[in-house]
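Visitor: With the sequence up front, the predicted model follows.
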Amino acid sequence: MPADESHLGESWSLSPDSRRPLPELIEQKLREQIIGGTLKAGDRLPTEPELARKLDVARSSLRTALQRLQLQGIVEVRRGLGWYVRRTDLTAVEENLEGRLATRQFSQTDLLEVRIALETTAASLAAVRAGDGELDELAKLNRRYQRALVEDVQEVAESDEEFHSALVRASHNELLEQMYQSLVPGLQDCRRHAHPSTGVHNRSANEHDQVIWFLRRHDEVGAKSAMTTHLLGLYNDLAGDDGKPKATLNTYVGVSDNPIWDRRR
């Protein structure tokens, strides 16, 4: 049954904290509602538009927070029905893999290496499975990323996340997508710490274009190679100094016509 909204009132107001990303503040607020007993196991949450309005946030940030809670087994989504509270006992959340991922108990190196494995495979699959509409959507999302000002760290991070999540969905492999989504909370930390310069941001957008270029040509090898090159740049910049040798991989794909990334901006 839906949560009794007569008891919610002003309790949906977020605590202002400019040092923390918005999805984390939303996640904290929803946790408070559950721990405080306002939301009980089996309760249906308000719809995403309603929740976004109550919290005065964008639906993309809300969805990220809900996905974080879903990975921890706290909420669940029921197809066609909405989001429901799955559990109110939060003490054992960090004991399972999903909880450890959602609470970022793995190193950036580990997360980025698994991301490379999943996304490069997703790019290869998308090259043979994605429809024209999905490819157009990827191009649209990359234009959003290109337009984002590097000073707007949240918009840069969110638009980049939307692009990569859409590419993984285009693989049409449900298990791969679920595995990738389990990494998203930790990857958000990586994105926030990237703080790209204008040059790095343009290079990243250009590399997104490279991937799309190969996808439109149904070139699975080229798409995988372009994605590997793109992600290795982030990996080499952000992988922590944890004593592990870092992977290196040079990729080269020859093409007969003039690819989009050769054009001067």
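Guide: Thanks, I have it. Numbers count the residues shown, from 1 in each chain.
Visitor: give the contact list for Ser124.
Guide: For Ser124, the contacting residues are Glu220, Val221, Ala223, Lys224, by C-beta atoms under 8 Å, 6 or more residues apart in numbering. In this view, the C-beta of every residue, glycine as well, is placed from N, C-alpha and C.
Visitor: For it, pull up the helix or strand it's in.
Guide: helix 108-129 (DSSP states H and E).
Visitor: ok now do Ile212, which residues does it touch?
Guide: Contact analysis of Ile212 by C-beta under 8 Å, 6+ apart lists Leu135, Leu138, Ala139, Asn142, Ile260.
Visitor: out of those, which are inside helices?
Guide: Leu135, Leu138, Ala139, Asn142 (DSSP state H).
Visitor: Can you flag the buried ones in these?
Guide: Among these, those scoring as buried are Leu135, Leu138, Asn142 (criterion: 16 or more other C-beta atoms under 10 Å).
Visitor: Provide a list of residues in contact with the second one.
Guide: Listed by C-beta under 8 Å, 6+ apart, the contact set of Leu138 reads Ala130, Phe163, Ala166, Leu167, Ala170, His208, Ile212, Leu215.
Visitor: In terms of pLDDT, where does the fourth one sit?
Guide: The per-residue pLDDT reported for Leu167 equals 95.
Visitor: just use 51 as the starting number from now, easier for me
Guide: Got it, the first residue is 51 from now on, which makes the last one we talked about Leu217.
Visitor: Domain-wise, how is this protein divided?
Guide: Using automatic domain parsing, the domains assigned to the chain come out as 55-145, 156-312.
Visitor: just to revisit the earlier point, for Ile124, state which of the contacts of Leu188 is nearest.
Guide: Relative to Ile124, the closest of the contacts of Leu188 is Ala216; by C-beta to C-beta it sits at 25.4 Å.
Visitor: what's near enough to touch the closest one?
Guide: Contact partners of Ala216, counting by C-beta under 8 Å, 6+ apart, are Glu184, Glu187, Leu188, Leu191.
Visitor: The third one and Ala255, how far apart?
Guide: Leu188 is 12 Å from Ala255, where distance means C-beta to C-beta, to the nearest Å.
Visitor: the helices in this structure, which residues?
Guide: 72-85, 98-105, 109-121, 147-152, 158-179, 182-197, 203-219, 224-244, 248-266, 270-288.
Visitor: Show me what counts as buried in the first one.
Guide: Buried residues in helix 72-85, defined by neighbour count with 16+ other C-beta under 10 Å: Leu72, Pro73, Glu74, Leu75, Ile76, Glu77, Lys79, Leu80, Arg81, Gln83, Ile84.
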